[in-house]
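Colleague: Just a sequence and a predicted model for now, questions to come.
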Amino acid sequence: MTVYHRPIPIPHGRHVLAGGWARFSQVEILERGRPPRISDDIPPDVLERLTAPRPGIAELTLDNPRVMGIVNATPDSFSDGGRYDPAAHGQQLIHDGADLLDIGGESTRPGAAEVPVAEEIGRIAPAIRALAPHAPISVDTRKAAVAQAALAAGAAMVNDVSGFDFDPALAAVVADAQVPVCLMHAQGLPATMQDDPRYDDVLLDVYDALEARIRRAEAAGIPRARIVVDPGIGFGKTQAHNLAILRRISLYHGLGCAILLGVSRKRFIGTIGGAEDPADRSPGTLAITLAAIVQGVQLHRVHDVRGLVQGLRLWQAVNDNEKAER
């Protein structure tokens with residue numbers, strides 16, 4: 001039976017988590033069909049994987065949390081589709097403090113339909129060309145041909161919400177370009193993924209699925225050092241599934257990759273927080289993001305960069321003061 005080790009972050013832990021800001025001394029041992037238990041005994045290979053510093057992504061070090069600004073070059077995204085010029089909006093996000101931008105031309109909201117390749121390229125290529133000189137660009141696409149065009153336009157990273165499930169040819173594009181890739185977990189396609197998602201144990205099922213995606217990427221010639229993982233909050237998951245993952249998201253450090261989290265303005269935040277309009281969900285997004293930062297999550301994909309950066313600076317100031325007082 002597989003044994004999973006989740007580092008339990010505490011302020012003054014003995015070990016540094018993933019070479020970042022969080023620390024831990026103990027792990028929570030998780031096994032299917034058994035209650036969790038806490039242990040000080042961490043196998044050497046597990047400890048090495050949990051503590052090894054994560055390599056930088058697109059020239060960004062990961063020893064501090066990084067903010068990925070969302071640029072939707074789409075007319076139908078759930079939060080802000082069609083409301084701005086993508087290039088101008090990207091410039092504003094950089095001004096607001098985004099470390100990198102994620103530019104996408106196909107909505108993957110629940111119920112979204114697939115966009116033809118040529119149309120998707122036409123939406124994103126001008127924005128990438130305009131913004132690449134000013135910040136690292138990630139292209140949010142599931143398609144090999146779109147990724148090739150985006151990389152040619154100046155993108156430095158690929159963010160595939162299907163984790164190479166949608167277009168297996170995308171793995172070769174990433175490997176040949178020697179760029180980092182984010183592999184996300186999703187159950188089903190956007191058009192149907194929220195119909196009735198089910199798991200045996202969502203936390204562990206997603207871990208196993210991400211591990212399988214990493215191995216597939218490595219087999220295609222992509223080293224683990226260039227792989228980021230995303231548990232896919234809201235992609236084929238209920239509110240209960242989302243919360244189960246977020247409560248123990250530090251488990252995914254055991255995969256040996258940087259972690260990206262995309263919770264910005266999602267429906268469960270509105271449901272719990274009482275915000276029907278996605279634009280009103282920034283406070284809830286900040287709360288979830290800071291909870292994940294405490295667990296060492298490195299990359300945070302958000303719409304409201306300015307609000308997130310403000311909250312992050314205050315969180316860092318409090319923690320810096322705590323260090324100074326010791």
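Modeller: Looks like it came in fine.

Colleague: for D230, phi and psi?
Modeller: Main-chain torsions, D230, degrees, to the nearest 10: phi -140, psi 120.

Colleague: Identify the residue spatially nearest to it, adjacent ones excluded.
Modeller: Closest residue in space to D230, ignoring its immediate chain neighbours: M184 at 3.9 Å, by Cβ to Cβ, 6 or more residues apart in numbering. (Each C-beta comes from the backbone N, C-alpha and C, glycine too.)

Colleague: The one you found contacts F235, correct?
Modeller: Yes: with contact taken as Cβ atoms under 8 Å, M184 and F235 are classed as touching, separated by 6.8 Å.

Colleague: Now do the shared contacts for these two.
Modeller: V161 (Cβ atoms under 8 Å, 6 or more residues apart in numbering).

Colleague: So for the nearest residue to V305 once chain neighbours are set aside, what's the pLDDT?
Modeller: Spatial nearest neighbour of V305, excluding adjacent residues (Cβ to Cβ, 6+ apart): D96 at 4.2 Å. pLDDT recorded at D96 is 98.

Colleague: Could you double-check that D96 lies in contact with G69?
Modeller: Yes: between D96 and G69 a contact is recorded at 7.4 Å, counting by Cβ under 8 Å.

Colleague: Mind checking which of those two has more residues around it?
Modeller: More crowded of D96 and G69, by other Cβ atoms under 10 Å: G69, with 30 against 16.

Colleague: show me where this protein has helices.
Modeller: 44-51, 86-96, 117-131, 144-153, 170-177, 202-219, 239-247, 267-273, 282-294, 305-325 (DSSP state H).

Colleague: Out of those helices, which is closest to D230?
Modeller: helix 202-219 (8.3 Å; Cβ to Cβ).

Colleague: any low-confidence regions in this structure?
Modeller: 76-83, 109-112, 188-196, 321-326 (pLDDT under 70).

Colleague: So for it, which residue is the most central one in space?
Modeller: Compute the mean C-alpha point of the chain, and by Cα atoms, centre = their mean the closest residue is L260, 2.2 Å away.

Colleague: Residues in a beta bridge with that one, which ones?
Modeller: Per DSSP bridges, the residues bridged to L260 are L299.

Colleague: and the nearest residue to L243 once chain neighbours are set aside, how many neighbours?
Modeller: Nearest non-adjacent residue to L243, counting by Cβ to Cβ, 6+ apart: F268, 7.5 Å away. Other residues within reach of F268, judged by other Cβ under 10 Å, total 21.

Colleague: wait, what's in contact with F268?
Modeller: 233-234, 239, 242-243.

Colleague: on that earlier part again, turn the helices of the chain into CSV, columns for distance to Y4.
Modeller: As requested, these are exported to CSV (distance: least, Cβ to Cβ, whole Å):
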stretch, distance to Y4
helix 44-51, 10
helix 86-96, 36
helix 117-131, 37
helix 144-153, 32
helix 170-177, 26
helix 202-219, 6
helix 239-247, 13
helix 267-273, 24
helix 282-294, 18
helix 305-325, 28
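
Colleague: Burial-wise, tell me which of these comes out on top.
Modeller: helix 144-153 (a mean of 22; mean count of other Cβ atoms under 10 Å).

Colleague: what angle do that helix and helix 117-131 make?
Modeller: Orientation of helix 144-153 against helix 117-131 (axes from the mean of the first three to the mean of the last three Cα atoms, to 10 degrees) gives an angle of 20 degrees.

Colleague: by contact count, what packs against helix 144-153?
Modeller: Helix 144-153 sits against helix 117-131, strand 137-140, strand 157-160, helix 170-177, with contacts defined as 3 or more Cβ pairs under 8 Å, 6 or more residues apart in numbering; DSSP states H and E.

Colleague: which stretch among those comes nearest I42?
Modeller: strand 157-160 (31.6 Å).

Colleague: name the helices or strands packed onto the closest one?
Modeller: Going by 3+ Cβ pairs under 8 Å, 6+ apart, strand 157-160 lies up against strand 100-104, strand 137-140, helix 144-153, helix 170-177, strand 181-184.

Colleague: Show me the one of these that comes nearest Y252.
Modeller: Short answer: strand 181-184, nearest of the helices and strands packed on strand 157-160 by Cβ to Cβ, at 11.5 Å.

Colleague: how far out from the middle of the chain is that closest one?
Modeller: 8 Å (Cα atoms, centre = their mean, to the nearest Å).

Colleague: H253 and L17 touch, don't they?
Modeller: Yes: H253 is within contact range of L17, at 6.2 Å (criterion: Cβ under 8 Å).

Colleague: between these two, who's got more neighbours?
Modeller: H253 (29 against 20).

Colleague: Enumerate every residue touching that one.
Modeller: 7, 17-18, 49-50, 259, 296.
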